[in-house]
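> Need coordinates for the below:
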Amino acid sequence: MSNAPIPRGSQTIVAGITVNDGKAALDFYRRAFGAEVRFLMTEPHGPKIAYAELQIGNSYFTLNDEIPQHNVLSPIARGGATSGFMIYVADCDSLYQQALTAGATGIMPPMDMFWGDRMGALTDPFGHRWAVATHKETLSEAEIEERRAKMMQAAK
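Numbers count the residues shown, from 1 in each chain. Below is the predicted model:
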């Protein structure tokens, strides 16, 4: 039996996040975004999460608790998010409210964007940024640029 270069059920790029409270993070992502735990490994001598895989829709990401001795720190320890996620769903307004109820902090409520998406932005309790979006219309690059220019002109 030969091994495939990408494990079965995986995607080419898999994001990984570090949090300051792994067990609370697992609970939050389940309540906020409907995440399901695919795999969970705790540290041998403690309750911290060494590695977890969480599935949201057709994608997954990995999660671990901080490992300060190896400079593996959460956004909270670093003073803010260093990256973000985007989740496409059929109803971003509902998911935005669900995440707020679960403990996220709103950055921007969902609104229609010039590139054809409806999108809102949140920060989770662990310092990570999340955008939730619904694709409403497919536009050409020229249409997107035209809408962007109109928006920039209106902002002056």
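> so how far is Tyr29 from the closest residue to Pro110 other than its chain neighbours?
Using C-beta to C-beta, 6 or more residues apart in numbering and skipping the chain neighbours, the partner closest in space to Pro110 is Gly120 (3.6 Å). Every residue, glycine included, has its C-beta placed from N, CA and C. Computed as C-beta to C-beta, to the nearest Å, the Gly120 to Tyr29 distance reads 17 Å.
> which of those two has more neighbours?
More crowded of Gly120 and Tyr29, by other C-beta atoms under 10 Å: Tyr29, with 27 against 22.
> Report the beta-bridge partner residues of the nearest residue in space to Asp91 that is not next to it in sequence.
Nearest non-adjacent residue to Asp91, counting by C-beta to C-beta, 6+ apart: Thr134, 6.4 Å away. Beta-bridge partners for Thr134, by DSSP bridges, are Arg118.
> what's the answer for Tyr88, then?
Here Tyr88, judged by DSSP bridges, has bridge partners Ala133.
> For Glu43, see how far away it is.
34 Å.
> cool, and Met111?
Using C-beta to C-beta, we find Met111 at a distance of 42 Å from Glu43.
> for Asn71, same thing?
For Asn71, the distance to Glu43 - C-beta to C-beta - is 17 Å.
> Looking at these two, which is more packed in?
Using other C-beta under 10 Å as the criterion, Asn71 and Glu43 rank with Glu43 on top: 14 against 9.
> What count of nearby residues applies to Thr134?
Neighbours of Thr134 under the rule other C-beta under 10 Å: 19.
> same question but for Glu141, I mixed them up
Count around Glu141 with other C-beta under 10 Å applied: 8.
> Local confidence estimate at it?
We have a pLDDT of 94 for Glu141.
> okay but Lys55 is in contact with Glu36, surely?
In this structure residue 55 is Gln, not Lys. Yes: counting by C-beta atoms under 8 Å, Glu36 is a contact partner of Gln55 at 4.7 Å.
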